[in-house]
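Novice: Show me how the following folds:
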Amino acid sequence: MTYVTFQELAIYQAIEDLSIWLVPHVGKWPRWIRPTLGHQTMESLMNVLRATVTAYGVPRNEKLQHLRRASAELDGLRLLLSTAVTLRLSSRDQYAHVSGLLGAVGKQLGGWMGQVR
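Specialist: Have a look, this model is predicted:
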């Protein structure tokens, strides 16, 4: 039997793609907002990653709670990034791009949750 490592899962790739774009983007926000909104944005991103890694490593009957947490964090991340557009820290085009990346993670999460149910 061949085991798939977490790094081979499509959701990991989707989170990595999101991280590669989001981390430098938030780093370009003004210094006054990075300790608050920037920190919360990065914390939400890391919480999505932590919850999915945890879900990967726990028994099947425990996966759903971690996947739900990852989904909730992803929703929070969407809200934070929408706020960044409102505050003119990000453009609408940048938000459209990151929304696609968030959607890819959400699609993978939703599929995984469906498999677990």
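
Novice: alpha carbons only for contacts and neighbour counts from here, please
Specialist: OK.

Novice: Mind naming the longest helix for the protein?
Specialist: Among the elements of the chain assigned as helix by DSSP state H, the one spanning the most residues is helix 60-86.

Novice: Name the next helix or strand downstream of it, please.
Specialist: Toward the C-terminus, helix 60-86 is succeeded by helix 92-116 as the next helix or strand (DSSP states H and E).

Novice: So which bits of that next one are buried?
Specialist: If you call a residue buried by 16 or more other C-alpha atoms under 10 Å, then helix 92-116 has these buried ones: 95, 98-99, 101-106, 108-109, 112-113.

Novice: Please compute how far it lies from its chain's middle.
Specialist: Centre-to-centre, helix 92-116 and its host chain are 8 Å apart (C-alpha atoms, centre = their mean, to the nearest Å).

Novice: what angle sits between it and helix 60-86?
Specialist: For helix 92-116 against helix 60-86, the angle between stretch directions is 170 degrees (axes from the mean of the first three to the mean of the last three C-alpha atoms, to 10 degrees).

Novice: where does this protein have low pLDDT?
Specialist: Segments of the chain classed as low confidence (criterion: pLDDT under 70) are 1-8.
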